[in-house]
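Visitor: okay, sequence plus prediction incoming.
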Protein chains: 2
Amino acid sequence: MSLLVVGTVAFDAIETPFGKTDKILGGAATYISLAASYFTKKINLISVVGDDFPSDHVKMLNKHHVNTDGLQVLKGQKTFFWSGKYHNDMNNRDTIATELNVLENFNPVVPEAYQDCEFLMLGNLVPAVQQQVIKQMKTRPKLIVLDTMNFWMDIAMNDLKETLKMVDVLTVNDAEARQLSGEYSLVKAAQKILAMGPKYLIIKKGEHGALLFNKEQVFFAPALPLEDVFDPTGAGDSFAGGFIGYLAETKDISFENMKRAIVFGSATASFCVEKFGTENIVGLTQAQVEDRVQEFVDLVQFDIALV
Amino acid sequence: MSLLVVGTVAFDAIETPFGKTDKILGGAATYISLAASYFTKKINLISVVGDDFPSDHVKMLNKHHVNTDGLQVLKGQKTFFWSGKYHNDMNNRDTIATELNVLENFNPVVPEAYQDCEFLMLGNLVPAVQQQVIKQMKTRPKLIVLDTMNFWMDIAMNDLKETLKMVDVLTVNDAEARQLSGEYSLVKAAQKILAMGPKYLIIKKGEHGALLFNKEQVFFAPALPLEDVFDPTGAGDSFAGGFIGYLAETKDISFENMKRAIVFGSATASFCVEKFGTENIVGLTQAQVEDRVQEFVDLVQFDIALV
């Protein structure tokens, strides 16, 4: 079994300048798994929900090649709920409600059948919990990707730094890279963060694209210019899902292949933001994904013959 | 004679988080001409200065293949002066002083020897003045590129719209594209602006790169991630200068060649911001420019074989 995804499965209520939703399916692990499913067919999910979580959502995930044996359903409890409202520029949002519910005492247990997964994607969670997952793996995965956020830098920086020593790839946004490193220049920030443990760093800049760094190289992929960005929720997780899904399928973790993985991740994220929630990353065809990737190629490729 | 550059030649006093300068050489036409000089050797300048303008600056421009016969020197008058202070993020700045001086009654006269230039770059100026230059050309140039800014959209929108009908390429930043079109989405903004006259639109996004649109295609080039951005002054003009310099030399105005021109423009701009004012775009070697372009290739090129 190849890819293990750990993170939240949630209900979100979202308001953007284009409309608002009732409680819809959300959560980092949901977006990651759905996005990864366009590239690899062996996805294992670890998360927790309450018994208010509809079985239709579970069936939809299964249809997307997601094994949900590791999805704990806690009786008499409620699923994690987040509600937020985006500003007009879509780059900032206010959190209106966060109800941790089942997440409050989430203690992920890695089923034995998952313990030899070669690719591990740790969605945003308490750093100590992310660490527990790594420790339960029987063999060290070929690649561990960790996503985190400014919140943990504010309240659990030491735990986060310990966890960073155990992973291969860190994904953060530009503001978080600056906070974690204390450097404004992203080039300097990257080198400081790479000295903390991860061999690769991905800095997500939202509509301004993403940067991939190792100690010697840097690669940049833009976000696709879109007619409308409807709802940015899940864009970063869809990106991460496409990225690790592609790597898990190709089993090639060279920098060159990570560049391709970044492009596939960006393509998946570009679908995500075109509709509310997960709506636009459920049931895509291979042809749709490939057309989108071709748009990326057309957007950035040029031909310069240097003397 | 091939490229004609019209715009300001000025003194700037600049303050950034990294330091401040006394009056140094600045002005849109200065940056454009210097940047273009790395790609083409036939540059003609039209601008105006006072008799306080040092002849050393003129000699330096001449050394960079810039013909200054069209540089009016007004006796007893002072050169245009601008002073500004950048915020910590370098994306915003406050204007501290603007002394128009010689610019107040600038009436550009196109010398006869310049009237058949094939490439015309109109740096940011009063739209009505930009229009006068076009009308003085004996034969319609092969390509007219116009730069403008939000200020003219605020106070001279009608003149600007008239001028837009006469040009081939418009360069503005993202905020200006939104203001001009009334659209937030840059994709929608581009289509509205292209309906106003220009066949091509370049949207400059500063540290987030630049987009080139025509009605059917879009190309994106990032800004090079730099260790330090010292002073953003002149970055947009250096970009435009590299762009039109490359086009003037290759005489190929296809979309494919404009993509290359954008990359050369971005490379030139990346030098500009590494030091104060024009300091870092004077006296570059071809090898330095080519190394920088290679960094762009390495930054964005990837190899995906789609089925």
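Guide: That came through fine.

Visitor: could you point out the helix or strand that follows the lengthiest helix in chain A?
Guide: As assigned by DSSP state H, the longest helix anywhere in chain A is helix A:255-272. Per DSSP states H and E, the first helix or strand lying C-terminal to helix A:255-272 is helix A:286-300.

Visitor: any residues touching that next one, and which ones?
Guide: With contact meaning Cβ atoms under 8 Å, 6 or more residues apart in numbering or on different chains, helix A:286-300 is reached by A:38, A:221-222, A:224-225, A:263-264, A:266-268, A:270-271, B:217-221, B:300, B:304, B:306-307. Bear in mind the C-beta positions are built from the backbone N, C-alpha and C, glycine included.

Visitor: got the angle for that helix vs helix B:255-272?
Guide: Helix A:286-300 runs at 60 degrees relative to helix B:255-272, counting by axes from the mean of the first three to the mean of the last three Cα atoms, to 10 degrees.

Visitor: with just CA atoms, put helix A:286-300 into PDB.
Guide: Extracted in PDB, the C-alpha atoms of helix A:286-300 (Å, rounded to 0.1, in the frame of the first residue of the first chain):
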ATOM      1  CA  GLN A 286      -8.100  12.200 -16.800                       C
ATOM      2  CA  ALA A 287      -8.700  14.200 -19.900                       C
ATOM      3  CA  GLN A 288      -9.700  17.300 -17.900                       C
ATOM      4  CA  VAL A 289      -6.600  17.000 -15.700                       C
ATOM      5  CA  GLU A 290      -4.300  16.600 -18.700                       C
ATOM      6  CA  ASP A 291      -5.900  19.500 -20.600                       C
ATOM      7  CA  ARG A 292      -5.300  21.600 -17.500                       C
ATOM      8  CA  VAL A 293      -1.700  20.500 -17.300                       C
ATOM      9  CA  GLN A 294      -1.300  21.400 -20.900                       C
ATOM     10  CA  GLU A 295      -2.500  24.900 -20.100                       C
ATOM     11  CA  PHE A 296       0.400  25.100 -17.600                       C
ATOM     12  CA  VAL A 297       2.900  24.000 -20.200                       C
ATOM     13  CA  ASP A 298       1.500  26.700 -22.600                       C
ATOM     14  CA  LEU A 299       1.600  29.300 -19.900                       C
ATOM     15  CA  VAL A 300       5.200  29.100 -18.900                       C
END
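
Visitor: Three-state assignment for the most centrally placed residue in chain A, please.
Guide: Closest to where the C-alpha atoms of chain A average out (Cα atoms, centre = their mean) is A:D237, at 2.6 Å. Classification of A:D237 by DSSP: H, G, I helix; E, B strand; the rest coil places it in helix.

Visitor: any idea how far it is from A:M258?
Guide: Counting by Cβ to Cβ, to the nearest Å, the separation of A:D237 from A:M258 is 18 Å.

Visitor: with A:P108 instead?
Guide: 26 Å.

Visitor: of these two, who's got more company?
Guide: Neighbour totals were compared for A:P108 and A:M258, and A:M258 leads with 24 against 18 (other Cβ atoms under 10 Å in any protein chain shown).

Visitor: work out for me the element the residue nearest to that one when sequence neighbours are not counted sits within.
Guide: Spatially, and ignoring its direct neighbours in sequence, A:M258 is nearest to A:L212 (5.9 Å; Cβ to Cβ, 6 or more residues apart in numbering or on different chains). Element membership for A:L212, per DSSP H and E: strand A:210-213.

Visitor: quick check: A:P127 touching A:T148?
Guide: Yes. At 6.7 Å, A:P127 counts as touching A:T148 under the criterion of Cβ atoms under 8 Å.

Visitor: mutual contacts of these two, please.
Guide: A:L160.

Visitor: packing partners of the longest helix of chain A?
Guide: Where contact means 3 or more Cβ pairs under 8 Å, 6 or more residues apart in numbering or on different chains; DSSP states H and E, helix A:255-272 is packed against helix A:28-36, strand A:200-204, strand A:210-213, strand A:218-221, helix A:235-250, helix A:286-300.

Visitor: in the stretch 201-307 of chain A, where is pLDDT below threshold?
Guide: In the predicted model of the stretch 201-307 of chain A, residues A:306-307 satisfy pLDDT under 70.

Visitor: can you pull the residues of the stretch 151-300 of chain A lying near chain B?
Guide: With Cβ under 8 Å from any Cβ of the partner chain as the criterion, the stretch 151-300 of chain A comes near chain B at residues A:184-188, A:205, A:208-209, A:211, A:217-222, A:225-229, A:256, A:259-260, A:262-263, A:290, A:293-294, A:297-300.

Visitor: just the buried ones among those, please.
Guide: A:184, A:186, A:188, A:205, A:208-209, A:211, A:218-222, A:225-226, A:229, A:259-260, A:262-263, A:290, A:293, A:299-300 (16 or more other Cβ atoms under 10 Å in any protein chain shown).

Visitor: list the contacts for A:V145?
Guide: A:119-122, A:167-171, A:240, A:243-244.

Visitor: hmm, I typed the wrong one, I wanted A:I304.
Guide: B:260, B:263, B:293, B:297.

Visitor: let's see that with 10 Å instead.
Guide: By Cβ atoms under 10 Å, 6 or more residues apart in numbering or on different chains, the contact list for A:I304 reads B:259-260, B:263-264, B:290, B:293-294, B:296-297, B:301.

Visitor: from those residues, pick the one nearest A:G50.
Guide: Distance to A:G50 across the contacts of A:I304 (Cβ to Cβ) is lowest for B:Q301, with 47.5 Å.

Visitor: distance of that closest one from chain A?
Guide: Applying Cβ to the nearest Cβ, to the nearest Å, the value for B:Q301 to chain A is 7 Å.
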